[in-house]
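A.B. asks: Using only what follows, build the 3D model:
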Amino acid sequence: MASLLHAGAPLAALLVLCLLSACRAAGSGGGVGGPSAVVLPVSKDAAATQQYVAGFRQRTPLAPVGAVLDLAGATLWVDCEAGYASSTYSRVPCGSKPCRLSRSAACVTTCSAAPAPSCLNDTCGGFPENTATGVSTGGNIITDVLALPTTFRPQPGPLAAAPAFLFTCGATFLTRGLAAGAAGMASLSRARFALPTQLAATFRFSRRFALCLPPAGAEGVVVFGDAPYTFQPGVALSNASLVYTPLLVNPVSTAGVSTKGDKSDEYFVGVTGIKVNGRAVPLNATLLAIDRRNGVGGTKLSTVAPYTVLETSIHKAVTDAFAAETAMIPRAPPVAPFTLCYDGGKVGSTRVGPAVPTIELVLGSDAASWVVFGANSMVATKGGALCLGVVDGGKAPRTSVVIGGHMMEDNLLEFDLEASRLGFSSSLLFRQTNCNNFRLG
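C.D. replies: Down below sits the predicted model:
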């Protein structure tokens, strides 16, 4: 057993794509001849988890791996207990620069079992967290080869390899609650060793990534680096096509394990109000601001939350306003976890989903709004009901508004870490395209 000392406490398609790709680069990349961008293909688990799973290749020899996308977390973490085999993994020593940069105060001093990625001496320790279940554990921080595609559509292209990509070893039990076949979670947070910053350092491109989440049955993408945002049929998005709002930093960590003084690595935005059908919803505005003493309140984005979660009083105000604007549509009994549902056969359809009132997330001083149309506000249930896809998060949640995955689907979101801003397209369906139509290379 290891001794741990610390100061504080559909996937198959993606893996086939990885197997079809040939590895092009095994160096640092990014210079002459290096990639300008790398991508993660993404699919949605249609089962109960509703999680978004990314496919990539790791280890030597390269093996396909699936991991659940997470806008939180400190690093990529992967189950190292269930058949992890590689000739190129290496420990991150206690007290080394990477260990210090990871902000870890943990060190695995001795492990008496046979050497393996999960059993190493004098190794920096991390705390991988399953943010879907809230369970954390201790694990070794190590490095190994990570390879990502450099193209996306029409055919799988060559891979670019990061020869010493830092990640944390998780345990098999930590994968409980993840999509079937997922071996861990891929962090897209602002943390030093999450994918965006680490890939930018490895391949020498901008600290920026674009997220395009797909609905079930389609494929989406995460694009790291300096790539054009091109979609079929002939749709190209530029900076001028996106609406930008500042990314805010919560001064108090929201991680399961943290040290006093740590800031949150998650992405918060300054929602100052909500409108339904163009009319302002009366809200307690203090709930929309982050309390800088304890980090409570505010609005964050989450790919792990399947639907948008609202503090109880906000949830009631929004659902009441939506119900008033849709009084002419016949209701259906509520379908958990939703409280406001309609007879799906009585709701019309449009290019951007069910014909229902828009919901606007007002950002900053009302100069910009994220407009949400029916495809992202309504959820079709098995019984034929169509429900408003917002969930009651309780009277005292850590975060007042959590923008969940369904509200982000078929929207292009650009996370610019260097400029600390979020760019968003609103629904791509308005442009007669979607995330499945993204093209690179």
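A.B. asks: and residue 202, helix, strand or coil?
C.D. replies: Taken by DSSP: H, G, I helix; E, B strand; the rest coil, the conformation at residue 202 corresponds to helix.
A.B. asks: when you give positions from now on, start the count at 45
C.D. replies: Yep, numbering from 45; the last one is residue 246 now.
A.B. asks: Look up how far residue 188 lies from it.
C.D. replies: Relative to residue 188, residue 246 is positioned 13 Å away (criterion: C-beta to C-beta, to the nearest Å). C-beta: built from backbone N, CA, C; applies to glycine.
A.B. asks: Find residues that contact each of these two.
C.D. replies: Here residue 246 and residue 188 have residue 209 as joint contacts, going by C-beta atoms under 8 Å, 6 or more residues apart in numbering.
A.B. asks: where in the stretch 195-344 of the chain is pLDDT low?
C.D. replies: Residues of the stretch 195-344 of the chain that meet the criterion pLDDT under 70 lie in 199-200.
A.B. asks: which stretches of it form strands?
C.D. replies: In chain order, the stretch 195-344 of the chain shows strands spanning 203-214, 228-231, 252-256, 263-269, 273-275, 279-281, 287-292, 312-313, 315-320, 323-324, 343-345, with DSSP state E, counting those that start in this stretch as the criterion.
A.B. asks: just how off-centre is the third one within its chain?
C.D. replies: Once both centres are worked out by C-alpha atoms, centre = their mean, to the nearest Å, strand 252-256 turns out to sit 10 Å from its chain's centre.
A.B. asks: Residues contacting it, please?
C.D. replies: Around strand 252-256, the neighbours that count as contacts under C-beta under 8 Å, 6+ apart are 86, 232, 239-240, 244, 264-271, 273, 347, 452, 454-462, 472, 479, 482.
A.B. asks: Now restrict those to buried residues only.
C.D. replies: Neighbour counting by 16 or more other C-beta atoms under 10 Å classes 86, 232, 239-240, 244, 264-269, 271, 273, 347, 452, 454-461, 472, 479, 482 among the contacts of strand 252-256 as buried.
A.B. asks: and stretch 198-205, which residues are buried?
C.D. replies: In terms of neighbour count (16+ other C-beta under 10 Å), stretch 198-205 has its buried residues at 200-205.
A.B. asks: should've said stretch 146-157
C.D. replies: The neighbour-count criterion (16+ other C-beta under 10 Å) identifies 146-148, 150-152, 155 as the buried residues of stretch 146-157.
A.B. asks: Just the endpoints, please. Distance across stretch 89-107?
C.D. replies: Distance between the two ends of stretch 89-107: 21 Å, counting by C-alpha to C-alpha, to the nearest Å.
A.B. asks: Buried residues, it. List them.
C.D. replies: By neighbour count, with 16+ other C-beta under 10 Å as the criterion, the buried positions of stretch 89-107 are 89, 93-103, 106-107.
A.B. asks: tell me which of these is nearest to residue 258?
C.D. replies: Nearest to residue 258 out of the buried residues of stretch 89-107 is residue 96 (C-beta to C-beta; 7.8 Å).
A.B. asks: Now do the closest one against residue 265, distance only.
C.D. replies: Taken as C-beta to C-beta, the spacing of residue 96 relative to residue 265 amounts to 11 Å.
A.B. asks: which residues touch residue 131?
C.D. replies: Residues counted as contacts of residue 131 (C-beta under 8 Å, 6+ apart) are residue 104.
A.B. asks: three-state assignment of it?
C.D. replies: Classified using three-state DSSP, residue 131 is coil.
A.B. asks: quick one on the thing from earlier: mind listing the shared neighbours of residue 96 and residue 265?
C.D. replies: When C-beta under 8 Å, 6+ apart defines a contact, the residues bordering residue 96 and residue 265 alike are residue 86.
A.B. asks: Looking at the buried residues of stretch 89-107, spot the one nearest residue 401.
C.D. replies: Proximity of the buried residues of stretch 89-107 to residue 401, judged by C-beta to C-beta, is greatest for residue 94, which lies at 24.1 Å.
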